[in-house]
Structure formats: structure tokens, C-alpha cells
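Novice: My questions concern the predicted model and sequence given below.
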Amino acid sequence: MIIAQITDTHLTFDPNDGDREQRIEDFERVIADINTLDPAPDVIVHTGDIVHNGRQDEYARASEILAKATAPVFVIPGNKDERENLKAAFPDVAALCADSSFVEYAVEDFPVRLVCIDTLNPGSNRGDFCVDRAERFRQLVATFDDERPIAAFAHHPPFMVDVGPDPMHFDDPLAMERMRETLQEPGRVTSIFCGHVHRFASGAVGGIPASVVTAVSTTLRKGDYPAEAEGRPYYQLHRFGEDAAFFSDTRVAGV
């Protein structure tokens with residue numbers, strides 16, 4: 001199984017954002033590049049901050065771009081997203097979490113189950129994982145009828161990030177610890193894939209490997225990048241192998 005992960009596209013039409021056209025171009029370029037892959041990914045997961053202001057017109061454009069993908073696409077909210085507008089723009093995702101106020105759901109169509117987790121904390125750039133979200137995760141796992149492995153996706157990384165100026169990306173350390181404990185409970189989560197930091201980063205949740213992919217938006221990503229990546233967006237491919245683990249391959253669109 002191959003999963004393509006993209007994150008932090010921050011699409012905007014705000015005239016005060018001078019790089020808004022670049023963000024659209026980066027978004028379109030990364031989807032076009034994924035469409036050229038052979039073998040093609042089984043699925044694309046966008047791990048949040050799809051748009052920058054949570055507006056309906058931003059989501060309409062984002063959904064148009066994602067509709068060009070040849071693989072199925074699933075999305076979760078980041079801190080810049082707005083839940084109800086996101087659900088309206090992505091009705092297939094909304095149907096998977098119609099019984100919840102959170103955009104938290106499972107996808108069971110693949111050899112690895114995908115569990116998409118909502119860490120949005122309205123009014124804050126940092127994440128949250130409340131008791132209700134923890135219970136939602138447990139309920140989803142309880143419905144699984146076999147022992148297939150689970151890949152978890154969240155916007156905010158539930159580990160201390162050792163690159164960049166801020167290692168903690170939750171308002172409440174107890175919320176991050178709750179998320180860490182919840183993810184470890186089933187014993188079947190093989191990897192955790194995140195966004196938000198706008199840099200590449202890696203860590204662990206107990207014994208579960210966890211990682212962050214940098215922003216698709218080339219004007220918002222942080223850190224140092226090679227010359228070949230100038231003006232070109234990054235994404236990652238996560239390949240699930242026979243050893244029941246993911247191997248991640250970083251790609252620069254168009255190279």
C-alpha cells in the first residue's frame with residue numbers, strides 16, 4: 001500500500017497575502033506530480049491547514065484542485081481550517097463523521113486502516129485532544145472486525161519536536177499526553193503522520209514512529225532545503241511493507 005501525504009497548503013484569496021497565487025500553484029503542482037507516479041498511490045491524505053482563513057470560497061478552490069487527483073483523497077482539519085466549511089466542501093469526508101462534531105473518522109478500504117484525527121482547537125494555533133475525541137477514537141477502533149494495522153493522521157504532532165523554535169504544539173501538555181496514551185491503547189497503530197510544523201521532523205509515541213512533513217506552500221515552509229527544491233513543493237509517500245512497517249520517501253514535485 002502507498003499513501004501520499006500532503007499538508008499545509010494554506011490556500012487563500014486574501015489580497016493582503018502577496019503569495020496567494022504561489023500557494024495555488026504549489027497546490028496544483030503537487031497534485032499533478034502525484035498523478036504521474038507509477039505505481040500510483042492508493043490514497044492521498046491531506047493533514048490539515050488546507051486553507052488559510054476557513055472561508056467557503058477557499059474550500060471551493062481547494063476541492064477543485066483535489067478533485068483532479070486520480071487517487072481518492074481524505075482530509076483532516078488544521079488550526080487554520082473551519083470544521084463546518086470543510087465538511088461542506090468535502091461531503092464524502094463529512095459522511096464518514098456525520099455522527100460527530102469532530103472531523104475524526106476511519107477509512108477501511110485498504111490493507112492498512114486509516115484513522116484521521118481532529119486536533120483543531122478553535123481560536124488557537126496549537127492543538128487539542130479532549131476526552132470526547134479520545135472516546136471517539138476508541139469507538140472507531142472498537143468497530144474494527146479484524147486485526148489490520150492502523151495508520152493515524154493528525155495535524156498537530158503528539159510529540160516534542162526538536163527542530164524549530166517551539167517543541168510543544170498543544171496548548172495543554174495533558175491533551176498531548178492523552179492523545180499519546182490513546183494512540184498506544186490498540187497496539188495496532190504502526191505509524192503517525194502529521195503536519196503543522198512547516199518543517200520535516202520525526203519522533204515517536206511510545207514505540208510508534210511519528211513524523212511531520214513540511215508545508216506544500218513553498219513560501220511558508222521553514223528550515224533549509226536543497227537548491228533543487230527552490231520554488232517546488234514537497235510531499236511524502238509512505239509505503240507499507242511486508243515487515244508491517246512504513247518506509248517514507250520524500251519527493252519534490254516536478255523533479
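Specialist: Arrived safely.
Novice: is it true that V252 touches R232?
Specialist: Yes: with contact defined as Cβ atoms under 8 Å, V252 reaches R232; the gap is 5.0 Å. (Glycine included, C-beta is placed from N, CA and C.)
Novice: for S211, what are its contacts?
Specialist: 191-194, 200-203, 236, 248 (Cβ atoms under 8 Å, 6 or more residues apart in numbering).
Novice: ok but it is inside a helix, no?
Specialist: No: counting by DSSP: H, G, I helix; E, B strand; the rest coil, one finds S211 to be strand, located in no helix.
Novice: on that earlier part again, in JSON lines, list the contacts of S211 along with pLDDT.
Specialist: Output for those, formatted as JSON lines (pLDDT from 0 to 100):
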{"residue": "S191", "pLDDT": "97"}
{"residue": "I192", "pLDDT": "98"}
{"residue": "F193", "pLDDT": "98"}
{"residue": "C194", "pLDDT": "98"}
{"residue": "F200", "pLDDT": "97"}
{"residue": "A201", "pLDDT": "97"}
{"residue": "S202", "pLDDT": "96"}
{"residue": "G203", "pLDDT": "97"}
{"residue": "Q236", "pLDDT": "98"}
{"residue": "S248", "pLDDT": "95"}
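Novice: Among these, which one lies nearest to R136?
Specialist: Minimum distance to R136 across the contacts of S211 is 16.5 Å, recorded for I192 (Cβ to Cβ).
Novice: First-to-last residue distance for stretch 200-209?
Specialist: 14 Å (Cα to Cα, to the nearest Å).
Novice: Stretch 154-166 now?
Specialist: End-to-end for stretch 154-166, by Cα to Cα: 18 Å.
Novice: From the chain's centroid, how far away is that stretch?
Specialist: Put simply, stretch 154-166 sits 13 Å off its chain's centre (Cα atoms, centre = their mean, to the nearest Å).
Novice: hang on, the earlier thing: please list only the buried members of the contacts of S211.
Specialist: By neighbour count, with 16 or more other Cβ atoms under 10 Å, the contacts of S211 hold 191-194, 200-201, 203, 236, 248 as buried.
Novice: List just the nearest of those to P173.
Specialist: Comparing the buried ones among the contacts of S211 against P173 with Cβ to Cβ picks out G203 as the nearest, at 14.9 Å.
Novice: Would you agree that closest one is in contact with H169?
Specialist: No: at 11.1 Å, G203 does not count as touching H169 under the criterion of Cβ under 8 Å.
Novice: intersection of neighbour lists for those two?
Specialist: Common neighbours of G203 and H169, using Cβ under 8 Å, 6+ apart, are 157, 161.
Novice: List the contacts of the residue nearest the centre of the chain.
Specialist: Centroid-nearest residue in the chain: T47, 1.3 Å away (criterion: Cα atoms, centre = their mean). Neighbour list for T47: 5-8, 76, 78, 153-155, 193-196, 213 [criterion: Cβ under 8 Å, 6+ apart].
Novice: and it, how far is that from N16?
Specialist: To N16, T47 is 26 Å away according to Cβ to Cβ, to the nearest Å.
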